[in-house]
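S.K.: Test case, fold it:
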Amino acid sequence: MSPDLKLATAYIMPLGGEDLRPVLESLNKHKKYFRSVVAKAVNLKFAPDVRFREDETFEEAMRIERLLHSDKVRQDIARKDDARADGGDDDD
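M.R.: Presented below is the predicted three-dimensional model:
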């Protein structure tokens, strides 16, 4: 929701992450219907305009997961573990 409650953004991702464009197009085509449903469900002076956007959090989570499992990160973790085992300082 925007601070003035006039705009509501719904982030969506179809199951399996496929066919996103047709789903977004269909939702946006019928956004007046969703706005009327929201207007009936909430007690606001104005019903918010509803917009639909791609939910990119899954892709971002996968990107972070790939980074954490990359060889470079594994080398850094192994070095810190070795330093701790040798009694070294682990504050790099």
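S.K.: Sketch out the strands for the protein, chain order is fine.
M.R.: Across the chain, reading from the start of the chain, the strands by DSSP state E fall at 7-12, 49-54.
S.K.: Other residues contacting the first one?
M.R.: By Cβ atoms under 8 Å, 6 or more residues apart in numbering, the surrounding residues in contact with strand 7-12 are 1-2, 23-24, 27, 38, 48-57. Bear in mind the C-beta positions are built from the backbone N, C-alpha and C, glycine included.
S.K.: Quick check: neighbours of that strand in the sheet, parallel or antiparallel?
M.R.: Strand 7-12 has the following strand partners under DSSP bridges: strand 49-54 (parallel).
S.K.: Would you indicate which residues of the strand it pairs with are buried?
M.R.: Counting neighbours by 16 or more other Cβ atoms under 10 Å, one finds that the buried residues in strand 49-54 are 50, 52.
S.K.: I'd like the strands of the chain as CSV, with distance to residue 34 and mean pLDDT appended.
M.R.: Supplementary listing: those in CSV, determined by distance: least, Cβ to Cβ, whole Å; pLDDT from 0 to 100:
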stretch, distance to residue 34, mean pLDDT
strand 7-12, 8, 93
strand 49-54, 5, 93
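S.K.: Between those strands, which one is closest to residue 70.
M.R.: Comparing these by their distance to residue 70 (Cβ to Cβ), the top pick is strand 49-54, with 25.5 Å.
S.K.: give the contact list for the most centrally placed residue in the chain.
M.R.: Computing the C-alpha centroid of the chain and ranking residues by Cα atoms, centre = their mean puts residue 57 first, at 2.5 Å. Counting by Cβ under 8 Å, 6+ apart, residue 57 touches residue 11.
S.K.: Apply 10 Å and report the result again.
M.R.: Neighbour list for residue 57: 11, 13 [criterion: Cβ atoms under 10 Å, 6 or more residues apart in numbering].
S.K.: From residue 7, how far off is it?
M.R.: Between residue 57 and residue 7 the distance is 20 Å, computed by Cβ to Cβ, to the nearest Å.
S.K.: what's the burial count for residue 31?
M.R.: By other Cβ atoms under 10 Å, 15 other residues sit near residue 31.
S.K.: Thanks again, I'm all set now.
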